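coordinates only, sequence not included:
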């Protein structure tokens, strides 16, 4: 599991505890980890995470000395994961981890390498819902897709595939970028309906008009990038099935080697 956190002192303890209780108590989940990137928070988020680490050894905290934006934070959290599957979500309490129940059987069946949660009813305000719908429609048009919730951050992706992505977004557009770049590599997202709830507390880390402007610019960039790829001006990174298979075996190999050294 990977999540960014910025000034989430009001939510982070409850969120991490909810994740821990779900992951440790679910009979279908054997190995798990929680990776949170503290994105230069100026409140007590860092101190709360440090305290949580004392009782949750599976919690990994990546600390940024200054705020770098949600895109950089989620990329850092992803880079520190090591398991075969990664769950992406926010740390503000809007995405219940119990949403994962609907994903597990389809993961085990090998249905796809990338799953995305489609919010049945978005708990955001009307202006945010309109903005998300507009950018999603444009993104679907430029990428030839028909996803219901293009901008959802709640995703479950095969770890080697996710760690191979080169993410560029610096702000809240990381969810849109993830959908686009996995699509560029030829993978189809399987959408699964999920619950979305209001924030547990605190405030958004971005102002509406600035966020709307940045999202419009970023969606335009993704469309232009798509056009350049089609014309052969840009090329996709080479992520071969063999490389993904090798990367997925490395954590297990390292773990076995560590156990052998400990004997």
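It's in. If you're wondering where the values come from, they're calculated on a predicted model, not measured in any experiment.

drop to CA atoms for contacts and neighbour counts, all remaining ones
Noted.

element containing residue 175, please.
Per DSSP states H and E: residue 175 is located in helix 174-184.

mind giving me the packing neighbours of that helix?
helix 70-79, helix 126-143, helix 208-231 (3 or more C-alpha pairs under 8 Å, 6 or more residues apart in numbering; DSSP states H and E).

can you pull out the helices in the protein?
12-25, 45-55, 70-79, 101-108, 126-143, 159-164, 174-184, 208-231, 241-262 (DSSP state H).

relative to residue 91, how far out is residue 172?
The gap separating residue 172 from residue 91 is 13 Å, by C-alpha to C-alpha, to the nearest Å.

could you do residue 183 as well?
25 Å.

who has more neighbours, these two?
Neighbour totals were compared for residue 183 and residue 91, and residue 91 leads with 23 against 16 (other C-alpha atoms under 10 Å).

middle-most residue in this protein, spatially?
Among the residues of the chain, the one closest to the centroid is residue 88, at 3.0 Å (C-alpha atoms, centre = their mean).

that one: what's it in contact with?
Contacts here follow C-alpha atoms under 8 Å, 6 or more residues apart in numbering; on that basis residue 88 touches 1-3, 153-156.

with pLDDT added, can I get those in JSON lines?
Listed next are those as JSON lines, based on pLDDT from 0 to 100:
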{"residue": "1", "pLDDT": "95"}
{"residue": "2", "pLDDT": "98"}
{"residue": "3", "pLDDT": "97"}
{"residue": "153", "pLDDT": "93"}
{"residue": "154", "pLDDT": "96"}
{"residue": "155", "pLDDT": "98"}
{"residue": "156", "pLDDT": "98"}
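
got any ranges where the stretch 51-200 of the chain has weak pLDDT?
Within the stretch 51-200 of the chain, the ranges that satisfy pLDDT under 70 run 123-128, 199-200.

can you rerun that using 90?
92-94, 119-136, 169-173, 196-200 (pLDDT under 90).

I figured residue 22 hits residue 96, correct?
No - counting by C-alpha atoms under 8 Å, residue 22 sits too far from residue 96 to count as a contact (10.0 Å).

about what we covered before: list the buried residues for the helix holding residue 175?
For helix 174-184, burial by neighbour count (16 or more other C-alpha atoms under 10 Å) applies to 174-183.

and what of stretch 22-38?
For stretch 22-38, by 16+ other C-alpha under 10 Å, it's 22-23, 32-38.

got the end-to-end distance for stretch 91-98?
14 Å.

now do it: distance to the chain's middle.
12 Å (C-alpha atoms, centre = their mean, to the nearest Å).

what of stretch 13-29?
For stretch 13-29, the distance to the chain centre is 17 Å (C-alpha atoms, centre = their mean).

do the same with stretch 94-112
A distance of 14 Å separates the C-alpha centroid of stretch 94-112 from that of its chain, computed with C-alpha atoms, centre = their mean.

pull out the buried positions in it.
Under 16+ other C-alpha under 10 Å, the buried positions of stretch 94-112 are 94-97, 99-100, 103, 107.

ok, and what's touching that stretch?
Against stretch 94-112 from outside (C-alpha under 8 Å, 6+ apart): 18-19, 22, 28, 89, 115, 154, 156, 188-190, 192, 194-200.

before we move on, back to that, same list (the contacts of residue 88) but as CSV, adding neighbour count and distance to residue 75.
Below are the contacts of residue 88 laid out as CSV (neighbours: other C-alpha atoms under 10 Å; distance: C-alpha to C-alpha, whole Å):
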residue, neighbour count, distance to residue 75
1, 23, 12
2, 24, 9
3, 26, 9
153, 23, 13
154, 25, 15
155, 24, 14
156, 24, 15
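
take those residues and keep only those in strands.
Here DSSP state E is the test, and these give 2-3, 155-156 as lying in strands.

just the closest of those to residue 66, please.
Comparing the ones in strands among the contacts of residue 88 against residue 66 with C-alpha to C-alpha picks out residue 3 as the nearest, at 16.9 Å.

beta partners of the closest one?
Beta-bridge partners for residue 3, by DSSP bridges, are residue 36.

no further questions, thank you.
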